[in-house]
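Peer 1: Following is a predicted model, sequence given first.
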Amino acid sequence: MRGGRLALMLVIALVAGLLVRPATSAPMAPLKIGYPVWVGYGPLFLAEKKGFLKELGTSVEFILMEDTKPRYVALAAKRIDGLMTTIDTVVQRVKPDFTMAAILPMDDSKGGDGIVARKEINSVKDLKGKKVAFSEGSVSHFFLAFLLQQNGMSLKDITTVNMTAGDAGAAFVAGKVDAAVTWEPWLTKGKSAPHGKILVDSSATPNLIVDVLVFRKDVIKARPKDMENIVKAWVKAVEFWKANPDEANKIMAGAVGGWLKDTKVFGETLTGIRYYDAAALKEFFGTKAAPGPGVKTTQFAIDLWTQLGKAGMKGIKASDILDGSFIK
């Protein structure tokens with residue numbers, strides 16, 4: 001009897017120990033990130049392929065979503081957690097009940113975006129009265145509006161033709177419009193057309209067109225360590241690319257895919273952008289006392305879209321959609 005009772009007590013103690021043992025935390029679900037095919041996003045794919053993210057304990061899933069609007073719809077519906085886009089588009093989509101922030105500036109355009117025009121058009125002012133194709137609400141719209149404003153003009157001075165960047169480039173090559181605001185590969189195709197040339201490109205507007213990684217604010221709040229890990233892995237990937245450009249370009253081309261899957265094409269397109277390394281990230285945000293160029297660009301985008309009646313939220317400030325807290 002005493003032996004049976006002792007055995008029973010041991011069993012009870014063992015079961016009790018199992019019940020109070022702290023549960024091991026389950027791994028977090030992969031962060032789902034929507035993206036269009038673009039060379040500027042390469043290092044984030046490189047960070048995943050080389051295992052830099054996994055080493056830090058963060059998992060991501062990239063989802064190809066070419067159109068801007070569906071990406072934001074998916075983000076709002078919580079079908080994805082974040083997306084890669086240009087900072088100016090965030091200004092249009094953020095709302096009081098749909099808040100998001102850019103945690104990582106990825107690259108800026110230094111020739112990768114531009115306007116192709118007929119050879120007889122020699123300046124932005126010469127676009128007056130001409131048919132200009134671009135995607136309304138896109139970075140092309142933003143770029144064009146900026147250039148027109150710089151030349152004392154507005155969209156009212158041109159005949160606008162709303163179509164995607166690819167369709168705009170194709171329409172120009174086919175001679176259906178006088179000019180098109182687009183990006184590669186259509187800049188090269190446009191200037192190669194018998195009637196075409198590049199009127200102006202983003203090398204003339206440094207720090208204006210900036211690609212960023214954006215997450216909903218509820219995701220940022222719930223997973224701050226993952227946000228920090230993504231920034232760390234990005235910086236490591238950019239340094240790897242600097243040291244091993246051929247290997248890195250091959251990996252990034254295959255991972256980004258689409259029209260950039262050819263390593264040669266990827267490398268050629270890469271000349272039109274600048275990847276942000278650790279120093280550039282710090283410079284982008286600057287300090288509270290001395291805001292960096294990224295903050296100024298964001299505020300300019302807010303002012304411009306507000307003026308055009310396209311800002312998503314009244315009274316929005318750059319600090320509402322920029323989160324530099326993960327840049328160490």
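Peer 2: Looks like it arrived, so ask away.

Peer 1: Counting neighbours, which bits of the strand or helix carrying A279 end up buried?
Peer 2: A279 belongs to helix 278-285 when assigned by DSSP states H and E. Buried positions in helix 278-285, judged by neighbour count with 16 or more other Cβ atoms under 10 Å: A278, A280, L281, F284, F285. Placement of C-beta: from N, CA and C, glycine included.

Peer 1: The nearest residue to A76 once chain neighbours are set aside: neighbouring residues, count only.
Peer 2: Leaving out its chain neighbours, the residue that sits closest to A76 by Cβ to Cβ, 6 or more residues apart in numbering is F98, at 5.0 Å. When neighbours are defined as other Cβ atoms under 10 Å, F98 has 15 of them.

Peer 1: Quickly list what F98 is bridged to.
Peer 2: Counting by DSSP bridges, F98 is bridged to K95.

Peer 1: Please give me every residue in contact with it.
Peer 2: Shown here is F98, whose contacts under the criterion Cβ atoms under 8 Å, 6 or more residues apart in numbering are A76, R216, G312.

Peer 1: nearest to I103, of those?
Peer 2: Distance to I103 across those (Cβ to Cβ) is lowest for R216, with 11.0 Å.

Peer 1: Identify the residue nearest that closest one in space, chain neighbours excluded?
Peer 2: Take R216 and drop its neighbours on the chain: the residue closest to it by Cβ to Cβ, 6+ apart is M100, 5.1 Å away.

Peer 1: Tell me, how many residues neighbour that neighbour?
Peer 2: Here the number of neighbours of M100 (other Cβ under 10 Å) works out to 25.

Peer 1: and it, what pLDDT?
Peer 2: On pLDDT, M100 comes in at 97.

Peer 1: quick one: contacts for it?
Peer 2: By Cβ under 8 Å, 6+ apart, the neighbours of M100 are L75, V90, R93, V94, V214, F215, R216, K217, I321.

Peer 1: The same query, at a cut-off of 6 Å, please.
Peer 2: M100 makes contact with V94, V214, R216, according to Cβ atoms under 6 Å, 6 or more residues apart in numbering.

Peer 1: Just put these in CSV and tack on pLDDT.
Peer 2: As requested, those are exported to CSV (pLDDT from 0 to 100):
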residue, pLDDT
V94, 95
V214, 98
R216, 98
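
Peer 1: could you dump those to a markdown table with distance to T160 and neighbour count?
Peer 2: Output for those, formatted as a markdown table (distance: Cβ to Cβ, whole Å; neighbours: other Cβ atoms under 10 Å):
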| residue | distance to T160 | neighbour count |
| --- | --- | --- |
| V94 | 25 | 22 |
| V214 | 27 | 30 |
| R216 | 32 | 19 |
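
Peer 1: Nearest to P70 among those residues?
Peer 2: Proximity of the contacts of M100 to P70, judged by Cβ to Cβ, is greatest for V214, which lies at 14.9 Å.

Peer 1: Give me the secondary structure label for the closest one.
Peer 2: In three-state terms, and counting by DSSP: H, G, I helix; E, B strand; the rest coil, V214 is strand.

Peer 1: Test my guess that A165 contacts V181.
Peer 2: No: contact criterion Cβ atoms under 6 Å: A165 and V181 do not qualify, at 7.5 Å.

Peer 1: so what sits against both of those two?
Peer 2: S140.

Peer 1: who's more crowded, these two?
Peer 2: Between A165 and V181, counting by other Cβ under 10 Å, V181 is the more crowded of the two (30 against 22).

Peer 1: what's that one sitting at in phi/psi?
Peer 2: phi -100, psi 120 (degrees, to the nearest 10).

Peer 1: what does stretch 178-188 rub up against?
Peer 2: By Cβ under 6 Å, 6+ apart, the residues outside stretch 178-188 that reach it are 112-118, 130-134, 140, 144, 165, 168-169, 172, 269.

Peer 1: same question, stretch 114-133
Peer 2: 147, 151, 157-159, 161, 163, 168, 171-172, 177-181, 187, 190-191, 195-201.

Peer 1: redo that, cut-off 8 Å
Peer 2: 143-144, 147-148, 150-151, 153, 157-163, 167-169, 171-172, 176-183, 186-187, 190-191, 193, 195-202.

Peer 1: Drop anything exposed from the residues you listed.
Peer 2: Buried subset of these (neighbour count, 16+ other Cβ under 10 Å): 143-144, 147-148, 153, 157-158, 161, 163, 167-169, 171-172, 177-183, 186-187, 190-191, 193, 196-197, 199-202.

Peer 1: Give me the pLDDT value at Q307.
Peer 2: On the pLDDT scale, Q307 gets 88.

Peer 1: Next, work out how far apart it and Q92 are.
Peer 2: To Q92, Q307 is 13 Å away according to Cβ to Cβ, to the nearest Å.

Peer 1: Thanks again, I'm all set now.
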